[in-house]
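K.L.:
have a look at this prediction, sequence included:
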Amino acid sequence: MKSMRKNSSDTKISLMENEEGSSSIFLMLVLASMITLTFAVVAAADRIAVVGYSDNVLGLAGRSVMSEFHKGLKEEYGLFAFPGSPGVIRDKLNYYAGYTLNNNEKTSFENVEVDVSGNIMTDTDVFAEEVTEYVGYAMAEGLMEKTGSPEKKGEGKEVTDFDGKNGSSELKNRNIINSLPSREVEGSGSLWQKVQVLARGGWKEMLKGTGENLLLNYYILDKFKNAQDRSLDRDTFFKCEAEYILKGKLGDKENYSAFRKDLILLRNAINLAHIYTDPVKRAELAAVAAMITVPPVSAAAELVLAEIWALAEAENDVRLLEHGEKVPMLKDKASWALSAENVLIKEKKDYISMNNRTGLTYQGYLQLFLLVCDRTEKLMRMMDLIQINMKGNYNGEFLMKEMNRGFRFKGVVNGREYEYEERY
């Protein structure tokens, strides 16, 4: 009996010892799992920290490149852009990011790729977008007129005489000429064909709305000089900059003369149409033709005389514009200056002022021609002027084709790829 009790007691002790041993093993397993989990969490947190750290360093490197924008371009033309080819940008990223990442034992900066496509300032769409964004901002902030009214801009201000005596400039440096952005595109040669739309009355629709073309015109008249307005407070190579945008000649005198011819052609076409649609002027024309030709007066003779009359009126129109006056696109009896007799028989005067209160100023006609100017030519010649002035005022090596508004890049750290897009 005693033996049975002893055995029972020993069995209970053994079971208790086994239970305690099992609990210890279980606790050790739990502890080991917790330690393993802790290390896993620490390792994961470390990886996350490395990813976040690498992301921040690369992002900061990209923003550092963007901080190097051209100060003169921003101050004079309101455009944000920084210089650099893809290779130069890549070297800067390697320097900015590599200095930090390669000096950290947990990170290895392995590679970086740069892409500036879609951000180069000589891309006409990119340039136009930057210009129109600036115009919207400038108008909202009161830095630019909210209207480029062709009826008022330049009213009462005379056009400077460009005979080579009043600051006319001519670009002769072949290296500068050959590097101009516009040299990479062919001229459309179709400006006069488009101007005929103006003569047929399409000018009214062109002055409506707030599309890209009008915003570009506001920018041109605000940031570039013209023969009637040289008031911009900065040095520019050309004084007839708006005229250069239209004609692309290498001298002020040539650009003004070429634009003046276009003005006369436009006014001549409109005036000739007016003569043939006005019964009074047709009768006056016939009477003068009868006085100076041998009867019977031929239709061909009247046509020649009408052309002479319209051209003389056109010359008077342009002289009015050059003296700061207005000239209506479509004239009436009150705004018509010359009689057929004055033109064809009597001595001509310098010009006859009609004191028109309505109509377009010289800069108003500039706007009309700019509206029908080929878009690519217009934008490229705007770039020409910016490049010429930046070379003269800031850096002789300045090139618009090396300016970017942003870029995309990929960086590889510890085998992981990071992608970014930076833009002003």
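P.N.:
Right, received. Where do you want to start?
K.L.:
distance check, the nearest residue to K333 once chain neighbours are set aside against N268.
P.N.:
Using Cβ to Cβ, 6 or more residues apart in numbering and skipping residues adjacent in sequence, the residue nearest K333 is V280, 7.6 Å away. Bear in mind the C-beta positions are built from the backbone N, C-alpha and C, glycine included. Distance from V280 to N268, counting by Cβ to Cβ, to the nearest Å: 20 Å.
K.L.:
those two: which is more packed in?
P.N.:
N268 (21 against 10; other Cβ atoms under 10 Å).
K.L.:
which of the residues in the helix or strand that contains the more buried one are buried?
P.N.:
Take DSSP states H and E as the rule and N268 turns out to sit in helix 252-277. Under the neighbour-count criterion of 16 or more other Cβ atoms under 10 Å, helix 252-277 has 252-260, 262-272, 274-275 buried.
K.L.:
helix or strand right after that helix?
P.N.:
helix 279-292.
K.L.:
C-alpha coordinates for that next one, PDB please?
P.N.:
The C-alpha trace of helix 279-292 is given here as PDB (Å, rounded to 0.1, in the frame of the first residue of the first chain):
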ATOM      1  CA  PRO A 279     -20.700 105.400-106.300                       C
ATOM      2  CA  VAL A 280     -19.500 108.900-105.500                       C
ATOM      3  CA  LYS A 281     -15.900 107.900-105.800                       C
ATOM      4  CA  ARG A 282     -16.600 106.000-109.000                       C
ATOM      5  CA  ALA A 283     -18.200 109.100-110.500                       C
ATOM      6  CA  GLU A 284     -15.300 111.300-109.400                       C
ATOM      7  CA  LEU A 285     -12.800 108.800-110.900                       C
ATOM      8  CA  ALA A 286     -14.600 108.800-114.200                       C
ATOM      9  CA  ALA A 287     -14.700 112.600-114.300                       C
ATOM     10  CA  VAL A 288     -10.900 112.900-113.600                       C
ATOM     11  CA  ALA A 289     -10.200 110.100-116.100                       C
ATOM     12  CA  ALA A 290     -12.100 112.100-118.800                       C
ATOM     13  CA  MET A 291     -10.000 115.200-118.000                       C
ATOM     14  CA  ILE A 292      -6.700 113.600-118.500                       C
END
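K.L.:
buried sites along it?
P.N.:
If you call a residue buried by 16+ other Cβ under 10 Å, then helix 279-292 has these buried ones: 281, 284-285, 288-289.
K.L.:
ok, now stretch 118-127?
P.N.:
Buried residues in stretch 118-127 (16+ other Cβ under 10 Å): 119-124, 126-127.
K.L.:
farthest-apart pair in the residues you listed, please.
P.N.:
Spanning the widest gap among the buried residues of stretch 118-127 are N119 and T124, at 13.1 Å by Cβ to Cβ.
K.L.:
for L143, give me its contacts.
P.N.:
Y137 (Cβ atoms under 8 Å, 6 or more residues apart in numbering).
K.L.:
any idea which helix or strand in this structure has the lowest mean pLDDT?
P.N.:
Every helix and strand of the chain was ranked by mean pLDDT, DSSP states H and E. The lowest is helix 203-206, at a mean of 56.
K.L.:
so where do the helices sit in the stretch 101-250 of the chain?
P.N.:
Taking DSSP state H, counting those that start in this stretch as the criterion, the stretch 101-250 of the chain contains helices spanning 124-140, 174-178, 191-197, 203-206, 212-223, 241-247.
K.L.:
now tabulate the ones you listed in CSV and tack on distance to R416.
P.N.:
CSV is the format used below for these (distance: least, Cβ to Cβ, whole Å):
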stretch, distance to R416
helix 124-140, 31
helix 174-178, 46
helix 191-197, 55
helix 203-206, 54
helix 212-223, 42
helix 241-247, 49
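K.L.:
highest average neighbour count across the ones you listed?
P.N.:
Stretch with highest mean neighbour count among the helices of the stretch 101-250 of the chain: helix 241-247 (a mean of 26; mean count of other Cβ atoms under 10 Å).
K.L.:
what mean pLDDT does that helix have?
P.N.:
For helix 241-247, mean pLDDT is 96.
K.L.:
quick one: contacts of it?
P.N.:
191, 220-221, 224-227, 238, 252, 254-256, 258-259, 262, 366, 369-370, 373, 378, 381-382, 384-385.
K.L.:
again, only using 6 Å
P.N.:
Residues from elsewhere that reach helix 241-247 (Cβ atoms under 6 Å, 6 or more residues apart in numbering): 220, 224-226, 238, 255-256, 258-259, 366, 369, 373, 378, 381, 385.
K.L.:
try stretch 324-339
P.N.:
In contact with stretch 324-339 (Cβ under 6 Å, 6+ apart) are residues 156-158, 203, 274, 312-313, 316-317, 320-321, 352, 354, 356, 358-359, 361.
K.L.:
please apply the same query to stretch 390-400.
P.N.:
Here stretch 390-400 makes contact (Cβ under 6 Å, 6+ apart) with 72, 121-122, 181, 235, 237, 383, 387.
K.L.:
can you tell me how far the residue nearest to K249 when sequence neighbours are not counted sits from T107?
P.N.:
Distance criterion Cβ to Cβ, 6+ apart; nearest residue to K249, sequence neighbours excluded, is N255 at 4.5 Å. Using Cβ to Cβ, N255 is found at 57 Å from T107.
K.L.:
cool, L305 as well?
P.N.:
87 Å.
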